[in-house]
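Turn this into a model:
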Amino acid sequence: MRLRTTAVFGALLLLTGCGAADMTKQASPFADARGAKAVTLSVQSWVGAQANVAVARYLLEHELGYRVDTVQVDEVPAWDALSQGRVDALLEDWGHPEQERRYVEDKKTIVDGGDLGVTGHIGWFVPTYLAKRYPDITDWRNLNKYAPLFRTPESGGKGQLMDGSPSYVTNDKALVENLKLDYRVVFAGSEAAQITQIKQFAEEKKPFLTYWYEPQWLFEKVPMTEVRLPAYEEGCDADPEKVACAYPTTPLRKYLNAGFARNGGEAAAFLKRFRWTTEDQNEVSLMIAEQRLSPEEAAERWVDSHPSVWRKWLP
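Numbering: from 1, shown residues only. Down below sits the predicted model:
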């Protein structure tokens, strides 16, 4: 779960990946406003999620005439905000079974908004140039042999496993302990900082081992190869302290506030139909994060060049 993937809402949000400041106390005046031509979208801090919201917002405003507000909320608190009507929709969830049981099945304050069309996967990655040099490094059972390659001043004599923000929900510390690996999890601080560090390592052709995820535009700039962890099986990650398996592959889903789903009119219908591909999301993400376009500019450029995709979403 992004687990579960990623910043101050302004400049840092342009680059960031799976966690952010807790903004659950922030509420939009437009959220759950019945009869109003307005909608509020939750924005997580990783750039793929920002790409979803940018395109949805652009089309809601320019094609359907809505006023759109956005609220930045961390992954798990976003479910509370959605349940309470502080936001109307969450467009990219990486799988939170506990929240689904509480709010979708039990309280029925949130409804499943359908498949986003993008499949997410978290894993450990090394740069492909390193995997070519040491082919067996992509098997977790050989990681201790290569731990000296990954030592940094921050890792305290152990190999460094680089994570993003401390607010991300990950299994990495448990995996290191339960697989008896001679590594230490070191947090870069945010997706933006992690990307900067990965780029610096790659420019100098240095070894690095990092928590990372797909889809992500950075793979186009820095080719990386996944390290094979023990195979994922249903339930192997049920106890966070005992996890000793790989992360699952997760079809990403959308969720709507139940009241908004019933009374949200064209906006609710549009968001249920919103479904695009990994390639679409990466195209917009790359424009925002690498080409430095504003989210609205990136959305407008994508909308102008993909009318056959988004027209299917309109009510």
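
can you pull the contacts of the residue nearest to Thr210 when sequence neighbours are not counted?
In space, and not counting its chain neighbours, Thr210 is closest to Met162: 4.3 Å by C-beta to C-beta, 6 or more residues apart in numbering. (C-beta placed from N, C-alpha, C; glycine too.) Listed by C-beta atoms under 8 Å, 6 or more residues apart in numbering, the contact set of Met162 reads Val186, Phe187, Ala188, Gln194, Gln197, Ile198, Phe208, Leu209, Thr210, Tyr211.

Phi and psi next, for Met162.
phi -90, psi 120 (degrees, to the nearest 10).

beta partners of it?
Val186, Thr210 (DSSP bridges).

Check Val68 too.
Val68 forms beta bridges with Val39, as assigned by DSSP bridges.

other SSEs contacting the longest helix seen in the chain?
If you go by DSSP state H, the chain has its longest helix at helix 47-62. If contacts are counted by 3 or more C-beta pairs under 8 Å, 6 or more residues apart in numbering; DSSP states H and E, helix 47-62 sits against strand 38-43, strand 67-72, strand 89-93, helix 265-273, helix 278-289, helix 295-305.

now these in TSV, with mean neighbour count and mean pLDDT?
Output for the helices and strands packed on helix 47-62, formatted as TSV (neighbours: other C-beta atoms under 10 Å; pLDDT from 0 to 100):
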stretch	mean neighbour count	mean pLDDT
strand 38-43	26	96
strand 67-72	19	95
strand 89-93	26	96
helix 265-273	20	98
helix 278-289	21	93
helix 295-305	17	98
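
In TSV, list these along with distance to Pro135.
What follows is the helices and strands packed on helix 47-62, written out as TSV (distance: least, C-beta to C-beta, whole Å):
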stretch	distance to Pro135
strand 38-43	40
strand 67-72	42
strand 89-93	34
helix 265-273	45
helix 278-289	27
helix 295-305	38
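
closest one to Glu204 among those?
helix 278-289 (21.3 Å; C-beta to C-beta).

Any idea how far that closest one is from the middle of the chain?
Relative to its parent chain, helix 278-289 has a centroid offset of 13 Å by C-alpha atoms, centre = their mean, to the nearest Å.

quick one, that helix and helix 295-305 angle?
Here the directions of helix 278-289 and helix 295-305 differ by 140 degrees (axes from the mean of the first three to the mean of the last three C-alpha atoms, to 10 degrees).

quick one: contacts of helix 278-289?
Identification of contacts with helix 278-289 by C-beta under 8 Å, 6+ apart yields 14-15, 47-48, 50-52, 54-55, 117-119, 195, 214-217, 220, 293-295, 297-299, 301-302, 306, 309.

That one versus strand 89-93: what angle between them?
Inter-element angle recorded for helix 278-289 and strand 89-93: 110 degrees (by the same axes, to 10 degrees).

C-alpha coordinates for helix 278-289, PDB please?
The C-alpha trace of helix 278-289 is given here as PDB (Å, rounded to 0.1, in the frame of the first residue of the first chain):
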ATOM      1  CA  THR A 278      -0.200   4.100 -17.000                       C
ATOM      2  CA  GLU A 279       1.200   5.700 -20.100                       C
ATOM      3  CA  ASP A 280      -1.400   8.500 -19.900                       C
ATOM      4  CA  GLN A 281      -0.500   9.200 -16.300                       C
ATOM      5  CA  ASN A 282       3.200   9.100 -16.900                       C
ATOM      6  CA  GLU A 283       2.900  11.500 -19.800                       C
ATOM      7  CA  VAL A 284       1.200  14.100 -17.600                       C
ATOM      8  CA  SER A 285       3.500  13.400 -14.600                       C
ATOM      9  CA  LEU A 286       6.600  13.900 -16.800                       C
ATOM     10  CA  MET A 287       5.300  17.300 -18.000                       C
ATOM     11  CA  ILE A 288       4.800  18.400 -14.400                       C
ATOM     12  CA  ALA A 289       7.800  17.000 -12.700                       C
END
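
Might you calculate how far the longest helix of the chain sits from the centre of the chain?
Distance of helix 47-62 from its chain centroid, counting by C-alpha atoms, centre = their mean, is 15 Å.

okay, the angle between that helix and strand 89-93?
Using the same axes, to 10 degrees, helix 47-62 lies at 150 degrees relative to strand 89-93.
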